[in-house]
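Trainee: fold the following and give me the result.
(one chain, ligands or ions: 1)
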Amino acid sequence: MAQPLIQLEHVTKRFGDLTVLDDLNFEVGAGEKLALIGPSGSGKTTILRILMTLDDLSGGHILVDGEQLFHMPRGETLVPADEKHLHRMRAKIGMVFQHFNLFPHKCVLDNVTLAPILTQGVTPDAANKRAMELLDMVGMAEKATAMPSQLSGGQKQRVAIARALALQPKIMLFDEVTSALDPELVEEVLAVMHLLARETDMTMLLVTHEMSFAHDFADRILFFDRGKIVESGPPSEIFVNPQEERTKAFLKKVVAAGQRV
Ligand SMILES: Nc1ncnc2c1ncn2[C@@H]1O[C@H](COP(=O)(O)OP(=O)(O)OP(=O)(O)O)[C@@H](O)[C@H]1O
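Mentor: Got it, this is the predicted structure:
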């Protein structure tokens, strides 16, 4: 593996009595494209939320770019050291959510420029220039002055991707970015993600229920069940020749539901 950019060591996450992540250990190499797959409720989204510091940690360590993400105990959990540290670590990571989360009262361009101007001190001119390049890349430059309510789900998601990229993160997290979309809009978002995977050296973590996309996109697949990694490997191994019974059963179900893997 290339130099690890993300390292999870003995990561545990509990919500009350429920253990959602159970002593997880894995690394993500710089530039690696990793897909997390597994049954509903297995803890995939929780991993992304913790990396984004939207949830805290119950135990273990996470290193991003060689630095601890969480290190102050608070009650039974670990939280980031302070606001300054949190801000610096968050700048390394961008996240795109299932439900877009665009600012509804801002136009497309302002959605993309707001965070760089407010959090990184980028001048409005420079932020606009970069935003227009990104909107062009995701095929949304012509909609720069449109409001989110005037966009389709696929268009909103492409703006959300541009918005996350505007902060120039090293790592991008994608949580089920196509599952809220009508089927005919899925392809346009997947095309943008393929473009990013192909043409950037960003480290990308993807949670998806679309196996064919995970297959085409990822360098490596992690198959999760009940908060543990059951199996990991390149798509050509996991999808073609899975070793573990739980992986086989999961893929069988997926195929029975009509998906290509
Ligand atoms: N804030 C929370 N409070 C309590 N339980 C939670 C919370 N967030 C997640 N959970 C529980 O943690 C478990 C893992 O959830 P998570 O969303 O990470 O699973 P997932 O693998 O991403 O599922 P899906 O594929 O359906 O999105 C689930 O049982 C969920 O109900």
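
Trainee: not counting sequence-adjacent ones, nearest residue to the closest residue to the ligand within the stretch 51-200 of the chain?
Mentor: Relative to the ligand, the nearest point of the stretch 51-200 of the chain is E176 (6.2 Å; C-beta to the nearest ligand atom). Yep, even glycine has a C-beta here, placed from its N, CA and C like the rest. Among residues not flanking E176 along the chain, Q98 sits closest, at 4.3 Å (C-beta to C-beta, 6 or more residues apart in numbering).

Trainee: circling back: isn't the residue of the stretch 51-200 of the chain closest to the ligand right next to V96, touching?
Mentor: No - the pair formed by E176 and V96 falls short of the contact definition of C-beta atoms under 8 Å, at 9.5 Å.

Trainee: OK, contacts around A214?
Mentor: A35, I37, L206, T208, I221, P235 (C-beta atoms under 8 Å, 6 or more residues apart in numbering).

Trainee: low pLDDT regions in the stretch 51-200 of the chain?
Mentor: Confidence mapping of the stretch 51-200 of the chain against pLDDT under 70 gives the ranges 72-73, 76, 78.

Trainee: can you map out the helices along it?
Mentor: 83-90, 108-120, 124-137, 153-165, 183-199 (DSSP state H, counting those that start in this stretch).

Trainee: and those, which is most packed in?
Mentor: helix 153-165 (a mean of 24; mean count of other C-beta atoms under 10 Å).

Trainee: tell me which other helices or strands it touches.
Mentor: If you count contacts as 3 or more C-beta pairs under 8 Å, 6 or more residues apart in numbering; DSSP states H and E, helix 153-165 packs onto strand 93-96, helix 108-120, helix 124-137, helix 183-199.

Trainee: same thing but at 10 Å, please
Mentor: The contact analysis (3 or more C-beta pairs under 10 Å, 6 or more residues apart in numbering; DSSP states H and E) places helix 153-165 against strand 93-96, helix 108-120, helix 124-137, strand 171-175, helix 183-199.

Trainee: so which bits of this structure are right by the ligand?
Mentor: F15, L18, V20, G38, S40, G41, S42, G43, K44, T45, T46, V207 (C-beta under 6 Å from any ligand atom).

Trainee: so the fifth one, which of the three states?
Mentor: Read that as S40. coil (DSSP: H, G, I helix; E, B strand; the rest coil).
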